[in-house]
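What shape does this take:
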Amino acid sequence: MTDARTRVDELLDRLLAEHDPRGDPRVFLGARFDLGLAWVWYPEGLGGIGAERGLQTVIEQRLGAAGAPNPARYNPLGVGMGAHVLMAHATPEQQHRWLRPMFTSEEIWCQMFSEPGAGSDMAALAARAIRDGDEWVVNGQKVWTTLAHVARWGMLVCRTDPDVPKHQGMTYFIADMAAPGVEVRPLRQITGEAEFNEVYFTDARIRDSDRVGEIGDGWRIALTTLMNERIAIGGAITPRGSGPIGEAVRTWKEYGHDDPAARDRLMRLWVESEAARLTNLRAAQNRRRGTPGPEGSTAKLVYADVNKRIYEYVVELMGPDGMLYDSYEEIRPDEFTVHPRTKAFLRARANSIEGGTSEIMKNILGERVLGLAGEPRVDKDLPWSRVPR
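Residues are numbered from 1 along each chain as shown. As a prediction, this is how the structure comes out:
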């Protein structure tokens, strides 16, 4: 570890000496990738140096203090999910093709799992992919696809065999979002933004070389995606007192409340936030390369609940100001942004839906962690084509 830490420090020194962290984000991120500081535990040549994963915290802290660009801001689904899927399941050729432009945000990624008739039960999806030589012809609809309107590539799961049980007949693809037959339509949210989209595939073609994993192995690979998504949403390790709880403290100071009950409520939220942050820190130290464990579902469930309650508290503290909202004009953002207080209050409603609903998280934790009896599943062993819909 000592030798690896020394090497990381030397690489950071070189990166910051040769490249302005406040300059062109893509140039800086490209240099960071080439030096192996993107995902330090990845192999050399793929954004890492094969070091201990725990050293990533050292990198993030030092680059954050230097004002360096955060790739998760520009390409959250690629950096937070897609990269780890590629590292766990893709071919070397696919890894070399996609990882660098993903990290630099030259190519934005999105995720296409949910469908109008298969949201929480993702394994019930109906979008079909039928093989035609070295290509697959895709037809179907996906929904709630974040940043699809700016994405170059999309993680896509389709049904390739309807005559086996639903979990067995799916295959994982990387879809070209600029290909003929791919149409992206905005879904306007209560904030006024259209960060989410619905995506239609009409005889769209995907090369078999852009398939990830084996045919019919889509469910297993999708689980890798979802577990990393939950960590990306709820498992971030932020500085103490930052993020939503920091906003609550600033609002308390600005509005000068001296109500002891309100102060007590603030402290309870602060303790919950800090407990969640420390839990995430411990989980990150325990994680190894590969598919994360159930801590991602725990973090995501807690984050969604606490985040909503924090912003409810913030808006209440603001009194009449909390009822003001600048505009509901439809905006299609091209990156994740930090919202002002009232918009954050509205946006927090999505936290318990995106990345798997809170109800699904409770089912996962109850069944897979606590060992409780599962929900009745009468269609588990039926061929998908025979399941009533």
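
Where do the strands of the stretch 101-250 of the chain begin and end?
Ranges of strands within the stretch 101-250 of the chain are 109-112, 128-132, 135-142, 153-159, 170-176, 182-187, 196-207, 211-212, based on DSSP state E, counting those that start in this stretch.

Which one of these lies nearest to Ile221?
strand 170-176 (4.3 Å; Cβ to Cβ). (Glycine included, C-beta is placed from N, CA and C.)

Tell me the helices and strands packed up against the closest one.
Packed against strand 170-176, as judged by 3 or more Cβ pairs under 8 Å, 6 or more residues apart in numbering; DSSP states H and E, are the following elements: strand 135-142, strand 153-159, strand 196-207, strand 211-212, helix 218-234.

element containing Gly371?
For Gly371, there is no helix or strand it lies in under DSSP states H and E.

could you dump the strands of the stretch 101-250 of the chain to JSON lines with distance to Glu359 and mean pLDDT?
Listed next are these as JSON lines, based on distance: least, Cβ to Cβ, whole Å; pLDDT from 0 to 100:
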{"stretch": "strand 109-112", "distance to Glu359": "20", "mean pLDDT": "96"}
{"stretch": "strand 128-132", "distance to Glu359": "28", "mean pLDDT": "98"}
{"stretch": "strand 135-142", "distance to Glu359": "21", "mean pLDDT": "98"}
{"stretch": "strand 153-159", "distance to Glu359": "21", "mean pLDDT": "98"}
{"stretch": "strand 170-176", "distance to Glu359": "22", "mean pLDDT": "98"}
{"stretch": "strand 182-187", "distance to Glu359": "21", "mean pLDDT": "96"}
{"stretch": "strand 196-207", "distance to Glu359": "19", "mean pLDDT": "97"}
{"stretch": "strand 211-212", "distance to Glu359": "29", "mean pLDDT": "98"}
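
Domains in this protein, by residue range?
2-69, 109-216, 222-369 (automatic domain parsing).

By mean pLDDT, show me the worst of the ones you listed.
Sorting the domains of the chain by mean pLDDT places domain 222-369 lowest, at a mean of 82.

Would you mind measuring the gap between the ends of that one?
20 Å (Cα to Cα, to the nearest Å).

follow-up on the earlier one: ok, which of the domains of the chain comes nearest Arg386?
Arg386 sits nearest to domain 109-216 of all the domains of the chain, at 8.7 Å, using Cβ to Cβ.

Just the endpoints, please. Distance across that closest one?
23 Å.

need the strands of the stretch 101-250 of the chain in JSON lines with mean neighbour count, can you?
Output for those, formatted as JSON lines (neighbours: other Cβ atoms under 10 Å):
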{"stretch": "strand 109-112", "mean neighbour count": "28"}
{"stretch": "strand 128-132", "mean neighbour count": "16"}
{"stretch": "strand 135-142", "mean neighbour count": "20"}
{"stretch": "strand 153-159", "mean neighbour count": "25"}
{"stretch": "strand 170-176", "mean neighbour count": "24"}
{"stretch": "strand 182-187", "mean neighbour count": "16"}
{"stretch": "strand 196-207", "mean neighbour count": "19"}
{"stretch": "strand 211-212", "mean neighbour count": "24"}
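
and the helix or strand Ala261 falls within, which residues are buried?
Assigned by DSSP H and E, Ala261 belongs to helix 260-286. For helix 260-286, the neighbour count (16 or more other Cβ atoms under 10 Å) marks 265-266, 269-270, 272-273, 276-277, 280, 283-284 as buried.

Between those, which sits nearest Ser105?
Out of the buried residues of helix 260-286, the member with the shortest distance to Ser105 (by Cβ to Cβ) is Ala284, at 23.2 Å.

tell me the contacts of Gly374?
Going by Cβ atoms under 8 Å, 6 or more residues apart in numbering, Gly374 touches 363, 367.

re the thing from before, could you look over the domains of the chain and pick the most buried one?
Stretch with highest mean neighbour count among the domains of the chain: domain 109-216 (a mean of 19; mean count of other Cβ atoms under 10 Å).

now that one, how far from the centre of its chain.
16 Å (Cα atoms, centre = their mean, to the nearest Å).

Over to stretch 212-221?
Distance, centroid of stretch 212-221 to centroid of chain: 19 Å (Cα atoms, centre = their mean).

swap in stretch 247-255?
29 Å.

which residues sit against that stretch?
Contacts of stretch 247-255 (Cβ under 8 Å, 6+ apart): 241, 262-263, 266, 269-270, 310-311, 313-314, 317-319, 341, 344.

Quick check: of these, which lies closest to Glu107?
The closest of these to Glu107 turns out to be Ala344 (Cβ to Cβ; 28.7 Å).

Now do the contacts for that closest one.
Residues counted as contacts of Ala344 (Cβ under 8 Å, 6+ apart) are 244, 247, 311, 314, 338.

go on, Ile215?
Contact criterion Cβ under 8 Å, 6+ apart gives 160-161, 171 as the residues in contact with Ile215.

Please repeat the previous calculation with a cut-off of 6 Å.
160, 171 (Cβ atoms under 6 Å, 6 or more residues apart in numbering).

Need phi/psi at it.
With angles defined as degrees, to the nearest 10, Ile215 sits at phi -60, psi 130.
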